[in-house]
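# Turn this into a structure:
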Amino acid sequence: MASIRRLVETSFWTDPEVIDTYTVEDKYFLLYLMTNPATTQVGIYQLSKKVMSFESGYSIDVINVLIDRFQNKYRCIIYNHETHEVSLINSLTYTIIKGGRPVSDLLQRELSRIRDSDIIYQTYSHMLEFWHKSDRQFDKTIQLLFEQELIKRGHTGITPNDIQSEIDNAKQIEKDKHSDMKMINEKNNEDDNEESYAESVSESPLEKIKHYYTQQLGILSDSELKLIKSWLAYLSPERIIEALEKSKKASAPVLYAHAIVKSWI
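All right, here's what the predicted structure looks like:
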């Protein structure tokens, strides 16, 4: 059986936070979390506190203190005390040297085995800035894998009350299409940029949405664009733009809009 290798950057030892704030226990515990036999390529895996205690030599009380410290003070792990799953939220910034189909398939399998959907979402949210800045294509693939897994689980990071509020609003709009169109027209009159994409006959439905998103929200990732394309099979571009408009303030607007779109189809 082939041995599994985990990468630890040498910069670990020169990181200012490690030098200035980590105790000897902290350094050992983090290295243990990065290299123990339960680790996965995606950086989220199941590891009970009893196993941590047995393998590290620390007592359960010390393990509890260390978990709390790394989760709430250093903010570099997430631990679910019910499922016994831990996420090293920065793991994917250094564990993937190169991509490819085998690595992609492995990450997909590992994500599907994680019990806690929220730990996936929290890791995803933490990694978004890194993925957006990265010029490596495979980092975009990893982002897409996370998004596909979250969508498959119906998880958007929005609380049930928030989702229900959007669903209720959507149902009300659906009951009064005349009012709905009036609202869209008024919005278009207020913003010349929005008017240009809504009225342009030369733009395709997808281009209208991309134009709106670029003007109002920023740059679409390939995975976000792929998800929006799937909505066009069921909704007009105006309805999709409406869902995105409602999602402006969300940390992940496309995932937020997905919850609204699902309530309409």
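# can you pull the contacts of I97?
L7 (C-beta atoms under 8 Å, 6 or more residues apart in numbering). C-beta coordinates here come from the backbone N, C-alpha and C atoms, glycine included.
# Report the separation between it and V103.
I97 sits 9 Å away from V103, going by C-beta to C-beta, to the nearest Å.
# Identify the contacts common to these two.
By C-beta under 8 Å, 6+ apart, no residue touches both I97 and V103.
# and the residue positioned nearest the centre of the chain, how far is that from T14?
The centroid of the chain falls nearest to Y124 when counting by C-alpha atoms, centre = their mean (2.8 Å). Per C-beta to C-beta, Y124 is found 29 Å from T14.
# All the strands of the protein, in order from the start?
For the chain, the strands defined by DSSP state E occupy 44-46, 77-80, 85-88.
# Check which helices and strands the first one is in contact with.
Contact here means 3 or more C-beta pairs under 8 Å, 6 or more residues apart in numbering; DSSP states H and E; on that basis strand 44-46 packs against strand 85-88, helix 101-113, helix 117-133.
# Run the chain-centre distance for the longest one.
Just to be clear, that refers to helix 117-133. Relative to the centre of its chain, helix 117-133 is centred 4 Å away, using C-alpha atoms, centre = their mean, to the nearest Å.
# Pull the residues that contact that helix.
43-44, 78, 80, 83, 85, 87, 89-90, 92-93, 111, 114, 139-140, 142-143, 146-147, 149-150, 153, 155, 157, 221, 251-252.
# Give me the buried entries from the residues you listed.
43-44, 78, 80, 85, 87, 89-90, 92-93, 111, 114, 139-140, 142-143, 146-147, 149-150, 155, 157, 221, 252 (16 or more other C-beta atoms under 10 Å).
# Buried ones in stretch 235-250, by neighbour count?
235, 237-247, 250.
# CSV please, covering the residues you listed and showing pLDDT and distance to I19.
Converted to CSV, the buried residues of stretch 235-250 look like this (pLDDT from 0 to 100; distance: C-beta to C-beta, whole Å):
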residue, pLDDT, distance to I19
L235, 88, 53
P237, 90, 53
E238, 91, 55
R239, 91, 54
I240, 92, 49
I241, 92, 50
E242, 90, 51
A243, 88, 47
L244, 91, 45
E245, 89, 47
K246, 85, 46
S247, 82, 42
A250, 72, 37
